[in-house]
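S.K.: please work out how this folds:
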Amino acid sequence: MNANLYALFAARFPPDRATCFLETPNGLHYSWNDLERASARMANLFAGLRLPPGSRIAVQVEKSAEAVMLYLAVIRAGYVYFPLNPAYRAAEIEYFIGDAEPAAVVCAPGDFGWVSKIAFKAGVQHVFTLDERRGGSLLVRAAGQPDHFTTVDKQPDDLAAILYTSGTTGRSKGAMLSHGNLASNALVLQDYWHWQPGDVLLHALPLFHVHGLFVALHGALLNGSRMIFLNKFDASEILRQLPRATVFMGVPTYYVRLLNEPEFNAELCSNMRLFISGSAPMLTETFNDFVGRTGHTILERYGMSETAMLTSNPYDGARKGGTVGFALPGVSVRVANARDGIGDIEVRGPNVFREYWRMPEKTAEEFTADGYFRTGDVGRFDADGYLSIVGRSKDLIISGGFNVYPKEIESLIDDMPGVLESAVIGLPHADFGEAVTAVVVLKPGAQLTEARVIAALKAKIANFKVPKRVHVVEELPRNAMGKVQKNELRTTFG
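M.R.: As a prediction, this is how the structure comes out:
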């Protein structure tokens, strides 16, 4: 039996493949036949390049229907999908391409000049372009290819995707996810969240990380469900489309912004079956306000790049705000090294990745002797067995659903003229969940303003990593061992 993830999806497509698979707010409709034929053309294009088995295809493009078909084409052709945030800048892309060594890169046409320069220098042979308006060299090259393709046979342990997740040391790690990892998670979630015939997914998430790609998109594909596909989150467009949808997935920021809309009410949500939130902690206030405004209780869940989804509040039964529910079927979650009930969250299951790309020592370090993955998160179970995430031992900040690792930003700030040292923390923020904040110590006599620090960082890193505020202090608080006490900084500036 072919364990290729695409084969699993294709077996669940609706019998009438002329029906709509994806529609956009500007009136474009794509059928399931369109999906099959377009992904076949792209798969034939990649197959014709005679790429080595297991080749990575790096993709840094804006969200679009064609980007979905590109993802499925890569999987279908038996290659490894390697998504990158479109906000990444040259220094970041240089590292990712150098580390993953993709055989081909797909980027936005406007970025071709600098991306291709990096790619060709790293030895990449093929660079294509794709934009969100159905343009780019990828589609031109694929147009002449046959619209039929035999999906490449894969085993469950064969690699399907690499997602890079930064570490506190500043060096990003490539989490290697297999066809079996992703298939098992999709199948469990379809059952656990009670996907139903006729469900319509309102998709407003990005496509370059787990939530939008492996949770939302996979759910619709596996269920044969139509998607209303937004290029980005837009509160007014969400309000317009909600009456036509049944399922919506978002980060807490989305729900905060919907609640800020006076027109958002229970009537608009009367056709909705399920609201899901993840990728960042949700404030209890947001959770409760949403129930009061709509009558719907948001379902919070917990996952990671390395594992896809791990836990979820129940579909049937009480959903507790501030918790991420129970371990999904087939997944084992434990709290280790606990003190007063709080300890390190460790997980094991068929959805958990196998290793980090070319980092055997790091892989060995992150797994226990009995095969549990150390998530780096800290949590506790309540008396009813619901898991709560209470902190992150790896100092991760999640802002607007995106992961931000302080060490990367601290290194850039520390290199600025006049800076002695810095510390980057996350502070509670009603919109973003956490706001990136920098605390800086200057060298004697140095002059450096908040605006200059922010401007310098915006030129080097993605905007979601740039601090919202920069505070200048005389010294950073330290313990007896010289370690910066970030808890004190959070208290001072929070």
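S.K.: and the residue located most distally from the centre of the chain, what's its pLDDT?
M.R.: The centre of the chain is farthest from one residue, Gly445, which by Cα atoms, centre = their mean lies 42.5 Å away. pLDDT recorded at Gly445 is 93.
S.K.: what's the helix or strand for it?
M.R.: With secondary structure defined by DSSP states H and E, Gly445 is part of neither a helix nor a strand.
S.K.: which SS class is Tyr88?
M.R.: Secondary structure, DSSP: H, G, I helix; E, B strand; the rest coil: Tyr88 is coil.
S.K.: over to Ser422?
M.R.: strand.
S.K.: isn't it up against Asp415?
M.R.: No - between Ser422 and Asp415 there is no contact under Cβ atoms under 8 Å: 9.9 Å. No exception for glycine: its C-beta is placed from N, CA and C like everyone else's.
S.K.: ok, these two, which is more surrounded?
M.R.: Ser422 (26 against 11; other Cβ atoms under 10 Å).
S.K.: skipping adjacent residues, who's closest to the more buried one in space?
M.R.: In this structure, Ser422 finds its nearest non-sequential neighbour in Ile413, 4.2 Å apart by Cβ to Cβ, 6 or more residues apart in numbering.
S.K.: what's the answer for Ala40, then?
M.R.: In space, Ala40 is closest to Phe149, 3.8 Å off (Cβ to Cβ, 6+ apart).
S.K.: OK, contacts around the one you found?
M.R.: Ser39, Ala40, Arg41, Ala43, Asn44, Ala47, Arg76, Ala77 (Cβ atoms under 8 Å, 6 or more residues apart in numbering).
S.K.: tell me how far it lies from Ala65.
M.R.: Per Cβ to Cβ, to the nearest Å, Phe149 is found 18 Å from Ala65.
S.K.: kindly report the same for Gln485.
M.R.: Gln485 is 49 Å from Ala65, by Cβ to Cβ.
S.K.: so the residue nearest to Ala40 belongs to a strand, correct?
M.R.: No - going by three-state DSSP, the assignment for Phe149 is coil, not a strand.
S.K.: hmm, back to that, just the contacts of Phe149 now: which is nearest Val441?
M.R.: Ala77 (51.8 Å; Cβ to Cβ).
S.K.: count of residues packed around that closest one?
M.R.: Ala77 has 25 nearby residues by other Cβ under 10 Å.
S.K.: what residues are up against the residue nearest to it when sequence neighbours are not counted?
M.R.: Nearest residue to Ala77, sequence neighbours excluded (Cβ to Cβ, 6+ apart): Ala43, at 4.0 Å. For Ala43, the contacting residues are Ala73, Val74, Arg76, Ala77, Phe149, by Cβ under 8 Å, 6+ apart.
S.K.: name the SS class of Ala43, please.
M.R.: On the basis of three-state DSSP, Ala43 is classed as helix.
S.K.: TSV for the contacts of Phe149, including pLDDT and distance to Glu237?
M.R.: Shown next, in TSV, are the contacts of Phe149 (pLDDT from 0 to 100; distance: Cβ to Cβ, whole Å):
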residue	pLDDT	distance to Glu237
Ser39	98	26
Ala40	98	31
Arg41	98	30
Ala43	98	32
Asn44	98	35
Ala47	97	37
Arg76	98	31
Ala77	98	33
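S.K.: pLDDT below threshold where in the stretch 251-400 of the chain?
M.R.: Along the stretch 251-400 of the chain, segments meeting pLDDT under 70 span 391-394.
S.K.: show me where it has strands.
M.R.: Per DSSP state E, counting those that start in this stretch, the stretch 251-400 of the chain has strands spanning 274-277, 299-304, 308-312, 326-327, 332-339, 342-348, 355-356, 373-381, 387-392, 397-399. These are given in chain order.
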